[in-house]
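K.L.:
Next input, structure requested:
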Amino acid sequence: MFSLEKFYEVVYENLLAPLHVDYMGFTRFGSSDPSETFYKNHRENAWCPYSRVVVAYDQEPIHTQLASGLWNPQLLPDNEIYDVWRRELEGRYHHQGMRHWTPDFCVFANSEHSEEKRRFVDQLGYHDWYYFFHGFAALDWYGNIPYRTPIDQYSRLFITFNNLYTKKRSYRLTLVAELLARGLAPSGHISMNQQDIAGKISSEIFDSRSEIHPADKKMIFQTMLPEPPRLVIDTDQPDGTLSADDNLETLCRGLWHIVTETIYYDDKRHLTEKIFKPIVARRPFILAAAPGNLAYLRSYGFQTFDQWIDERYDDEPDPGIRMRMIVDQVERLCRLSDWDRDAMYRGMQPVLQHNYQWFYGGGFRGMITDELVDNFRRCVIRHNAGRQSSDANWIDHSHMDWADIRRRLSY
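P.N.:
Numbering: from 1, shown residues only. Next up, the predicted model:
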């Protein structure tokens, strides 16, 4: 399996360069800053009189205001054809025949399903190239786990990591406050970034634009201010590099993982590497995410835990109600006797083992690789629809051995 470090290079060499397609994306993982971008120009090897470009916005959820900043001249420093097209659209060129400069194959590479994404792509006039970027990231980052001795022991019922907890991730404050208010914190390992924690919490609950419900703000204030509890699992100064952390001892300290995903408030199907941490640790999980994401995970072949908990929280659109439904399940699990808890853990071993084997055994890797290749191929086919092979902007892909590319990338 190719490494995440080489992801864009591999995608470019196998899918884009053979079709003379330019490629743009971010040089720093997790960035959405247009100044931190790479640009691969196919004209280093061959010249094509029509612009073809893929813009990769596949690491972070799509927020239209951020994503719209990608499509600007600094992303195409050497693309003279695009510059002519851009100026033509701005009204600087009006003479007849100028439209033949319009880029004829534009693709938006992304890792989410949402109405916001659909509208944005339609507005741009791009083809929509979806694939599960964070699946590739997790396969790379957690590749050492199979060489470790499995850990069956756990010290507390649950574990939940909450590094960022403001703005779109402010729902994590509600989660922690609910756990504290119900007296469940001693049954779990809970982390919160301790750096200026009081200031961050105060700023969030007093921000009129915050998505936290006013009643939940009151609960957060009562349980976490003026002196926030010290909630640390592994470090009191977590940073972004912990996304790739595969410390099995830490991951196994709790039985159930409460996975707090990046997207919670917005109606998006989008998952990151976070959901795979309990899977590689062979642990059950409750998913705190936007509605439908548990079903989204199951669509990739993973099994969840409706035999042991009520997973209808995944269907609840109201974020406040959904959070209470999630914590209701945690509370019910905390009330189990030690014997019932251990019996439950033994009973779910087939599910835990299935998820582990599906992740590491090649099934998941093959699935997301086929999806990556097939969805790009569909973009090419959609582009050619209604065109003749004699057309100047027809993309000839007859030389592309798609089956061989799928095999090569999933190896």
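
K.L.:
for this protein, longest helix please?
P.N.:
Counting by DSSP state H, the longest helix found in the chain is helix 363-384.

K.L.:
Which neighbouring elements make contact with the next helix-or-strand element following that one?
P.N.:
Remark: after helix 363-384, the chain's next helix or strand is helix 402-409, criterion DSSP states H and E. When contacts are defined as 3 or more CB pairs under 8 Å, 6 or more residues apart in numbering; DSSP states H and E, helix 402-409 packs onto helix 363-384. To be clear about C-beta, it is placed using only N, CA and C from the backbone, and glycine gets the same treatment.

K.L.:
Quick check: buried residues in the helix it packs on?
P.N.:
Buried residues in helix 363-384, counted by 16 or more other CB atoms under 10 Å: 364-365, 367-373, 375-377, 379-380, 383-384.

K.L.:
contacts for it?
P.N.:
Residues external to helix 363-384 that are found in contact with it (CB atoms under 8 Å, 6 or more residues apart in numbering): 1, 11, 15, 19, 104-105, 107, 127-132, 135-136, 139, 300-302, 357-358, 394-395, 397, 400, 402, 405-406, 409-410.

K.L.:
coming back round to it: I'd like to check the angle between the longest helix of the chain and helix 402-409, please.
P.N.:
Using axes from the mean of the first three to the mean of the last three CA atoms, to 10 degrees, one finds that helix 363-384 and helix 402-409 are set 140 degrees apart in direction.

K.L.:
May I have helix 363-384 exported as CSV, CA atoms only?
P.N.:
Output of helix 363-384 as CSV, limited to C-alpha atoms (Å, rounded to 0.1, in the frame of the first residue of the first chain):
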residue,chain,number,x,y,z
GLY,A,363,-11.1,-5.7,1.8
PHE,A,364,-11.4,-2.1,2.9
ARG,A,365,-8.2,-1.1,1.0
GLY,A,366,-9.4,-2.7,-2.2
MET,A,367,-12.9,-1.1,-1.8
ILE,A,368,-11.7,2.5,-1.4
THR,A,369,-9.0,2.0,-4.1
ASP,A,370,-11.6,0.7,-6.6
GLU,A,371,-13.8,3.6,-5.6
LEU,A,372,-11.0,6.1,-6.2
VAL,A,373,-10.2,4.8,-9.7
ASP,A,374,-13.8,4.0,-10.8
ASN,A,375,-15.2,7.4,-9.7
PHE,A,376,-12.4,9.2,-11.7
ARG,A,377,-13.1,7.0,-14.7
ARG,A,378,-16.8,8.0,-14.5
CYS,A,379,-15.7,11.7,-14.5
VAL,A,380,-13.9,11.0,-17.8
ILE,A,381,-16.9,9.1,-19.2
ARG,A,382,-19.4,11.9,-18.2
HIS,A,383,-17.1,14.4,-19.8
ASN,A,384,-17.1,12.5,-23.1
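
K.L.:
for the record, mean pLDDT for it?
P.N.:
Averaging pLDDT along helix 363-384 gives 97.
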